[in-house]
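K.L.:
can you look at this prediction? I've put the sequence above it.
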Amino acid sequence: MFTRNFSLLCAIAMTTTGPSFAQENTGEAEVPRTVAALPDTIGKFEERMPPAAPVSSATITADIDPANAQFGVGQPATEEDIASINIDVMPDGRGLPPGQGTYAEGKAVYSQSCAACHGEDLEGIKEIGAPKLIGGRGSLTDAKPVKTVESYWPYASTLFDYVHRAMPMDSPGSLSANEVYAVSAYILGRAGIIGDDAVLEAKSMAKIKMPNADGFVSDPRPDVTAAK
Amino acid sequence: MSKSGRFPESRYGPAERHMAESLVEIERQMLSEPPQEEECECKEGMFSGLTRRNLLAGGLALGGAAFTAGHAAADAPPGAFEYDVQPDPTKEQGRTILDDGGYGSRSQFENEVRWRYPTASLDSSWSMTPLASGQGIITPSGLHFERHHGGIPAIDPATHELVLHGMVDKPMRFTMGDIMRLPAVSRIHFIECSGNGLTEWAEPTLKTVQGTHGLTSTSEWTGVRLSTLLEMVGVSDGAAWILAEGEDAAVMTRSVPIDKAMDDAIVVYAQNGEALRPEQGYPLRLLLPGYEGNTHIKWLRRLEISDKPFMTREETSKYTDLMPDGKARQFSLAMEAKSVITFPSGAMKLPRPGFYEITGLAWSGRGKIAKVEVSTDGGATWREAALDGAVLPKSHTRFRTPWIWTGEEAVLQSRTVDETGYVQPTLSELVAVRGLNSVYHLNAIQSWHIGTNGEVTNVHA
């Protein structure tokens, strides 16, 4: 009985969708809204309308059982749904896309897309907040450690992942997989971590051992005992 | 105009030319935005309760160009309108109700604002909460500190979705409508950036408590427990970490231990009784009570369940703590207990000897605050302060204690103990273990020096 009532409520909610939610269902190409309108007024006293009851996107609402985390809410994510945003890359190479790139190709990509901020020589431009990318090996115990991809980053996968998702600053996420492989090959080549004849693709990327791969430890806190 | 013509190779290197062209393009895009002030004038009638004068002030307060062209600047602080100040408010009617459009605004005589630390990049920067003017434990949403890695996106909640996938039985996607249909919780928690205080390791650097401690704020957050969503998708055996990903230009990502996700993590859509502010992740952010701020992924679009951490940029090259032996600590997630006196605090001046109530905030990422002690002699002697109002786990807690300033030099300090028994350390105790290059997680006792002239300065004592 309980379950049936819930289904009924959902069904009612589905049929009374407001305009903003109906948009997705009709599939009509509408101009994206840029602001919300003020709530409509209703009745003799011109009260403001309350917000529309939130609408579940679920198409199947038969098995509603809140005690077992079944709310008739949400919908299955298809492989396509996931693939379009599943861009992360892990240290063991999981997530690396097909493609490949060379040092020479990467040099051109770097010059075109990276050098304006990170400098012609990968030295960084402090005034605009772009960090130095190479150098600094052996400096981590110095008074002024130099933390770069070369000296500090523990995994090559992080370089690929970050450049792919967030670089370059003026056009984030715009580089193709080939371009990211290539510019990774160039940066890691300039860092002396791989040769300048290396071709980077998923397999070779996952095999790279970074100089500071063993430089990280887990959180030992609380580590400081205060004198009382 | 051809690129080579505008910035010839004889005078510009490739890097300079690229930057110059980018700037020209940005300016071109800005100039090609159609001007909007005419449209606003002709539609004045649509704001029935709003006077023209308020519109002018409001446009300015929002920083918009729409209302400002050709008009005198109003002087009201952000979030306020400039109204006529009556010589005697008892002798004439006050302004009419809803005069500000129905959302409300603060007094034109209140002026506290967030302050941006002068980083090189405006896109990747942070702003700090004015703790010195704060009252109680809640931070006004408009003064909550900010940290962005790729600017603040404007996202329509009608099109926003959250996808859960990876090591789950049933990958799912949720609209905002879906999320708001699920059982909700409201909790009061602080968020503190692990970089709070990073300028203060070696020597006293910033002058005010906003600068030294302003990367912490407390709000009431409302949303769905992450455990509810995880139960809906069914987490597979062997799952240990979750990647949380935002929909900003940084596509910001952090890995979160699944135990935390199942414990008290919340996927929140509301802050202090209304929808999240855009700079706080509208329409949806992750809230990991007590964890360092950057893990509370804003503009949340994806959660991927996995067996291992993803080792993203923000948990390897950044937000890791370099120790004197050259090793760096990783996944230092909980913010340890900390306190600071907010009154009196840096750059204030006590007008004369007399009675002052010392007050401040204490918080711990491991639970409730158990005790706050205050010293007025640089830590030689301590007395317990009163905890005022709600004492909640992983929340700012207000402390107060009376003090009579005699006019002599004094050094004010606060020291907190949390419910785990952890005692807030001195800076020298912290530095003795961690050195000076760890950047993050400075939670040492703060010292404020009171000069004989009443001036309050940031010192290491």
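P.N.:
Sure, I can see it.
K.L.:
can you pull the contacts of the residue nearest the centre of chain B?
P.N.:
For chain B, B:Phe145 is the residue whose C-alpha lies nearest the centre (CA atoms, centre = their mean; 1.9 Å). Applying CB atoms under 8 Å, 6 or more residues apart in numbering or on different chains, we find B:Phe145 in contact with B:114, B:126-129, B:139, B:191, B:193, B:214-217, B:293. Every residue, glycine included, has its C-beta placed from N, CA and C.
K.L.:
wait, doesn't B:Glu112 sit right on B:Gly142?
P.N.:
No. Applying CB atoms under 8 Å as the test, B:Glu112 and B:Gly142 come out as separate, 9.7 Å apart.
K.L.:
can you pick out the residue with more neighbours from these two?
P.N.:
Ranked by neighbour count (other CB atoms under 10 Å in any protein chain shown), B:Glu112 and B:Gly142 place B:Glu112 first, with 19 against 14.
K.L.:
per-residue confidence for the more buried one?
P.N.:
The per-residue pLDDT reported for B:Glu112 equals 97.
K.L.:
and it, which of the three is it?
P.N.:
Recorded secondary structure, B:Glu112: coil (DSSP: H, G, I helix; E, B strand; the rest coil).
K.L.:
now it: how far from B:Gln135?
P.N.:
From B:Glu112 across to B:Gln135, the span is 11 Å (CB to CB, to the nearest Å).
K.L.:
ok, now which ones touch the spatially most central residue of chain A?
P.N.:
Taking CA atoms, centre = their mean, the centroid of chain A lies closest to A:Arg165, which sits 5.7 Å from it. For A:Arg165, the contact set (CB under 8 Å, 6+ apart) comprises A:Ile87, A:Asp88, A:Pro172, A:Gly173, B:Ala250, B:Val251, B:Thr253.
K.L.:
could you redo the last one with a cut-off of 7 Å?
P.N.:
Contact analysis of A:Arg165 by CB atoms under 7 Å, 6 or more residues apart in numbering or on different chains lists A:Ile87, A:Gly173, B:Val251.
K.L.:
try B:Val459
P.N.:
By CB under 7 Å, 6+ apart, the contact list for B:Val459 reads B:Pro204, B:Val411, B:Ser447, B:His449.
K.L.:
just these: which are in strands?
P.N.:
Among those, the members found in strands (DSSP state E) are B:Val411, B:Ser447, B:His449.
K.L.:
residues in contact with the last one?
P.N.:
In this case it means B:His449. Counting by CB under 7 Å, 6+ apart, B:His449 touches B:Val411, B:Thr457, B:Val459.
K.L.:
could you check the pLDDT of the residue nearest to it when sequence neighbours are not counted?
P.N.:
The spatial neighbour of B:His449 that comes closest, neighbours along the chain excluded (CB to CB, 6 or more residues apart in numbering or on different chains), is B:Val459 at 4.3 Å. Note on B:Val459: pLDDT of 98.
K.L.:
B:Asn453 should be in a strand, yeah?
P.N.:
No. Per three-state DSSP, B:Asn453 lies outside any strand segment and is coil.
K.L.:
any chance of the contacts of B:His449 in JSON lines, plus distance to A:Asp121?
P.N.:
Output for those, formatted as JSON lines (distance: CB to CB, whole Å):
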{"residue": "B:Val411", "distance to A:Asp121": "48"}
{"residue": "B:Thr457", "distance to A:Asp121": "42"}
{"residue": "B:Val459", "distance to A:Asp121": "42"}
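K.L.:
let me see the domain layout of chain A.
P.N.:
What automatic domain parsing lists as the domains of chain A is A:2-26+A:37-77, A:100-207.
K.L.:
just say which of those domains is most tucked in.
P.N.:
The highest average neighbour count among the domains of chain A, using mean count of other CB atoms under 10 Å in any protein chain shown, belongs to domain A:100-207 at a mean of 20.
K.L.:
what mean pLDDT does the host helix or strand of A:Ser157 have?
P.N.:
Using DSSP states H and E, A:Ser157 falls within helix A:156-166. Helix A:156-166 shows a mean pLDDT of 98.
K.L.:
in CSV, list the C-alpha atoms belonging to it.
P.N.:
The C-alpha coordinates for helix A:156-166 follow below in CSV (Å, rounded to 0.1, in the frame of the first residue of the first chain):
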residue,chain,number,x,y,z
ALA,A,156,53.2,10.7,-14.9
SER,A,157,49.4,10.0,-15.1
THR,A,158,48.8,13.2,-13.1
LEU,A,159,50.5,15.2,-15.8
PHE,A,160,48.3,13.7,-18.5
ASP,A,161,45.1,14.0,-16.4
TYR,A,162,45.6,17.6,-15.4
VAL,A,163,46.7,18.9,-18.8
HIS,A,164,43.9,17.1,-20.5
ARG,A,165,41.2,18.4,-18.1
ALA,A,166,42.3,21.9,-17.2
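K.L.:
before we move on, back to that, now, among the contacts of B:Phe145, which is nearest to chain A?
P.N.:
Using CB to the nearest CB, B:Trp126 comes nearest to chain A of the contacts of B:Phe145, at 12.2 Å.
K.L.:
wasn't that closest one part of a helix?
P.N.:
No. Counting by three-state DSSP, B:Trp126 is not found in a helix; it is strand.
K.L.:
once you drop chain neighbours, what's closest to it?
P.N.:
Going by CB to CB, 6+ apart, B:Trp126 has B:Arg147 as its nearest residue, at 4.3 Å.
K.L.:
now the strands for chain A?
P.N.:
A:41-42, A:47-48, A:75-76, A:100-102, A:199-201, A:216-218.
K.L.:
out of these, which is closest to chain B?
P.N.:
Distance to chain B, taken as CB to the nearest CB, is lowest for strand A:216-218 among those, at 4.5 Å.
K.L.:
residues of that closest one that come out buried?
P.N.:
Buried residues in strand A:216-218, defined by neighbour count with 16 or more other CB atoms under 10 Å in any protein chain shown: A:Phe216.
K.L.:
coming back round to it: mind putting the strands of chain A into CSV with distance to chain B?
P.N.:
Converted to CSV, the strands of chain A look like this (distance: least, CB to the nearest CB, whole Å):
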stretch, distance to chain B
strand A:41-42, 11
strand A:47-48, 8
strand A:75-76, 6
strand A:100-102, 20
strand A:199-201, 18
strand A:216-218, 4
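K.L.:
show me where chain A has helices.
P.N.:
A:2-15, A:19-26, A:79-83, A:103-109, A:115-118, A:156-166, A:177-190, A:202-207 (DSSP state H).
K.L.:
quick one: neighbours of residue 224, just the number.
P.N.:
Answering for chain A, as no chain was given. Around A:Val224 there are 19 residues (other CB under 10 Å).
K.L.:
the intended chain is chain B.
P.N.:
Each residue near B:Val224 was counted by other CB under 10 Å, and the total is 24.
K.L.:
that one: what secondary structure?
P.N.:
strand.
K.L.:
that one - nearest residue in space that isn't next to it in sequence?
P.N.:
Nearest one to B:Val224, counting by CB to CB, 6+ apart, is B:Leu182 at 4.6 Å.
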